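> One predicted model, sequence on top.
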Protein chains: 2
Amino acid sequence: MASAGTRPTSRDVAQAAGVSQAAVSLVLGDKWRGRVSAATAERVRAAVRDLGYRPNLAARNLRLGRTRTVLLVVPALTTEFFAGVYTGAARVAAEHGFGVVLYPSPVGAGPARDPFASAQAALDGVIASSMAADAVTAIRGDQLPLVMLDSDPAGSLGAATVNLDIADGVRQVAEHLLGLGHRSFLHLAADVPSWTFEVRARELAARTAAVPGTTVRTARAPISIEGARAAAEAALRRHPATAVVCDDDKLAAGACKAVRRLGLRIPDDVSVTGLDDLALATAIDPELTTVRLDAELFGERGMRALLAVLEGRAPDGGDIPVELVVRGSTAPPPAP
Amino acid sequence: MASAGTRPTSRDVAQAAGVSQAAVSLVLGDKWRGRVSAATAERVRAAVRDLGYRPNLAARNLRLGRTRTVLLVVPALTTEFFAGVYTGAARVAAEHGFGVVLYPSPVGAGPARDPFASAQAALDGVIASSMAADAVTAIRGDQLPLVMLDSDPAGSLGAATVNLDIADGVRQVAEHLLGLGHRSFLHLAADVPSWTFEVRARELAARTAAVPGTTVRTARAPISIEGARAAAEAALRRHPATAVVCDDDKLAAGACKAVRRLGLRIPDDVSVTGLDDLALATAIDPELTTVRLDAELFGERGMRALLAVLEGRAPDGGDIPVELVVRGSTAPPPAP
DNA sequence: CCGCCGTAGTTTTACGTATAACGTCCGCTG
DNA sequence: CAGCGGACGTTATACGTAAAACTACGGCGG
């Protein structure tokens, strides 16, 4: 019996059950068939319960050379989007006996201190949002299996990638607004250097360029409601537009405030669209026309891709489809 | 030199530098003064850089018997509040060489599967939100140092607690509304069994009871905008009120939608208050009068308390002050 | 000249687990 | 009846690190 205050080890269990430490390991590892009698196995399990034994994970990880733990690197958790990503990833991970540890990259912290130093856990692999890419560069030293979420397939450090079909989402938004008759756009862009935001800009430009007489101006804003409000208000004051296309729902919420400040109504005078479909989208009035992203599926696919890499298989590709959700913030432009 | 594909160990470094493994450990642990010459130490560091050596954390954790990692157990990450808690806790942790791992307790998952099985990391301690208390009961088996956030000091499983002064926040809200002249209240309560929500109800009842002629009715709602809207709408339809006090900002956003659905205006006909001061509070129109909680300080204090417990010191008490933020959603009630 | 201390290391051990390798005993088959 | 294989274990070892215990040597005070 271990002295009080010390956690019991498998050896303590063995002693209590009157067997060797190896037998305990076999029973707990469920590898005892044909090696230990059922009666002995039950005696071991009883001793485990009695002593409240829990295996020392550090020792197990050392012995096995793997941890069955992966790190999910996300930008700051100020949006519930990554909650969904985590949920999806964690579910798939659990099905395969893995755990997921979250590393919210300190926002704007530059090329972050090594995430491993911070999340001291020993890891088998990493899933990283491209929005936290600067934190990930530190990972390249270690040759840990890596999956990038929403990253440029070309320049993704050679890692596997899983992407949402953002281009299709922007296409749907553009065609919805063009179909309503809008011809003058403000693109409220996120002030974040990230491939996925570049895709938005590129696709919007391409779709509007296809319709003659259409103008698109761009304003950049930090992803915060107040920052977006200020940027949108300034931009609209200089160059009025009938449609404001925002890179995400938070920016759209700010844009709505800007429009109202200018004495205009939504959607009668100005239409506004978001992207994400957060809770925020239905909290504001009118509710936001936006693009729904399936965050959980995103996380699931990310985890599946990482498992594939870990097992030496090729991750299966294919972008994740997205869906336009039309609500009350879009309508035909006012008659001239 | 380790064979390609294998991570170099401290022994590989030792061989490359022409010293013993122990010397490497001394140099890396910064305990070499008087034990290893400066020249040799530099040779070791060069070898570390050359080989790209990184210590095996599993081995270190096993050897030291501690991990310098703590677990932060939170309810689902669907609010940015816990992002702040994490940030604060992680900052303090980093100052002390600790890392923080996040475990978002699966919402409504009942007495959760052992969080350790999920977050496979070996841990030195746990900080847990009382809203994820059911997940924490599993922890009691292990005698890990535990700090509870916003938990009943009486029934907190004997763990240290750190609390926000929620009672004071509710008091400020009540006096603000009573001062404006409101006498008929609806308390939109969170449908979550948690001590901190009980405190809200108790304090609101106490403050309003002090003013004759005041009525308070209670409606319970799940913490989601749509759920809150439905609950508030039904409650207001049965018993009109001039002030809706909500247990958090999300509920308040739903309440605002309910009020508008009933054809009433905010704040002219009905005042609404929240609690949290999330981004949501300033996203809606009018902006929400609410109580600002300092999430980062909360996380900081939680981590400091855990460090105190780990070092055998007594955590210093004292609730964290909160602050009423008056915005556009509250005004005097309409004249009768 | 002896003992002692400081410097500069090395050798050895322990952390707790998983598993390969090794023993027994016994019943059965050829 | 020799021998063999399955059931039921045990013994021994390795994972990579940190640190205690040990070695060796040069200089210096008494």
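Arrived safely. Numbering: from 1, shown residues only, chains lettered A, B, ... in the order given.

> correct me, but residue A:249 touches residue A:288?
Yes: with contact defined as CB atoms under 8 Å, residue A:249 reaches residue A:288; the gap is 6.3 Å. For the C-beta atoms, the positions are set from N, CA and C on the backbone; glycine is no exception.

> Please identify which helix or strand holds residue A:218.
Using DSSP states H and E, residue A:218 sits in strand A:215-221.

> Report whether the next helix or strand after that strand contacts chain B.
Toward the C-terminus, strand A:215-221 is succeeded by helix A:225-238 as the next helix or strand (DSSP H and E). Yes: using CB under 8 Å from any CB of the partner chain, helix A:225-238 comes into contact with chain B via A:225, A:226.

> List the buried residues of helix A:225-238.
Residues of helix A:225-238 classed as buried: A:225, A:227, A:228, A:229, A:230, A:231, A:232, A:233, A:235, A:236 (neighbour count, 16 or more other CB atoms under 10 Å in any protein chain shown).

> So which residues make contact with the helix or strand just after that helix?
Following helix A:225-238 in sequence order, the next helix or strand is strand A:243-246 (DSSP H and E). For strand A:243-246, the surrounding residues in contact (CB atoms under 8 Å, 6 or more residues apart in numbering or on different chains) are A:170, A:173-174, A:177, A:182, A:184-188, A:204, A:228, A:232, A:236, A:252, A:255, A:259, A:270-275, A:330, A:333.

> how distant is strand A:243-246 from the center of its chain?
24 Å (CA atoms, centre = their mean, to the nearest Å).

> Partner strands of that strand and their direction?
Sheet partners assigned to strand A:243-246 using DSSP bridges are listed as strand A:184-190 (parallel), strand A:271-273 (parallel).

> And residue A:103, how far from residue B:130?
25 Å (CB to CB, to the nearest Å).

> who's in contact with the nearest residue to residue A:69 once chain neighbours are set aside?
Nearest residue to residue A:69, sequence neighbours excluded (CB to CB, 6 or more residues apart in numbering or on different chains): residue B:120, at 4.2 Å. Contacts for residue B:120 (CB under 8 Å, 6+ apart) come out as A:57, A:61, A:67, A:68, A:69, A:98, A:99, A:101, A:121.

> at 6 Å instead, please
Contacts for residue B:120 (CB atoms under 6 Å, 6 or more residues apart in numbering or on different chains) come out as A:67, A:68, A:69, A:99.

> again, but for residue A:94
By CB under 6 Å, 6+ apart, the contact set of residue A:94 is empty.

> Over to it. Which of the three states is it?
On the three-state scheme (DSSP: H, G, I helix; E, B strand; the rest coil), residue A:94 is labelled helix.

> so can I have JSON lines of the strands paired with strand A:243-246 showing mean pLDDT?
Below are the strands paired with strand A:243-246 laid out as JSON lines (pLDDT from 0 to 100):
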{"stretch": "strand A:184-190", "mean pLDDT": "97"}
{"stretch": "strand A:271-273", "mean pLDDT": "98"}
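
> returning to that earlier point: okay, and the common contacts of residue A:249 and residue A:288?
Both residue A:249 and residue A:288 are in contact with A:274, A:281, where contact means CB under 6 Å, 6+ apart.

> Up against DNA strand D, what does chain A have?
Residues of chain A lying near DNA strand D by CB under 7 Å from any atom of the strand: A:19-23, A:26, A:34-37, A:39-40, A:59, A:62-63, A:65.

> which bits of the stretch 1-150 of chain A sit near DNA strand C?
Going by CB under 7 Å from any atom of the strand, the residues of the stretch 1-150 of chain A near DNA strand C are A:6-7, A:9-11, A:21-22, A:25-26, A:28-29, A:31, A:53, A:55-56, A:59-60, A:62-64.

> are any of the residues you listed buried, and which?
The neighbour count (16+ other CB under 10 Å) marks A:7, A:9, A:10, A:25, A:26, A:28, A:53, A:55, A:56, A:59, A:60, A:62 as buried among these.

> for the stretch 1-150 of chain A, which spans come out with low pLDDT?
A:1-5, A:106-113, A:117, A:138-142 (pLDDT under 70).

> can you list the residues of it near chain B?
Residues of the stretch 1-150 of chain A lying near chain B by CB under 6 Å from any CB of the partner chain: A:52, A:57-59, A:61-62, A:67-69, A:77-78, A:80, A:83, A:99, A:101-102, A:118-122, A:141.

> which of these count as buried?
Neighbour counting over these (16+ other CB under 10 Å) leaves A:57-59, A:61-62, A:67-69, A:77-78, A:80, A:83, A:99, A:101-102, A:118-122 as the buried ones.

> Can you list the low-confidence ranges for the stretch 201-336 of chain A?
The stretch 201-336 of chain A contains no residues with pLDDT under 70.

> In it, which residue sits closest to DNA strand D?
residue A:310 (18.0 Å; CB to the nearest atom of the strand).

> Identify the residues contacting that residue.
Contacts of residue A:310 (CB under 6 Å, 6+ apart): A:125, A:145.

> at 10 Å what do you get?
Contacts for residue A:310 (CB atoms under 10 Å, 6 or more residues apart in numbering or on different chains) come out as A:66, A:68, A:70, A:96, A:98, A:124, A:125, A:145, A:147.
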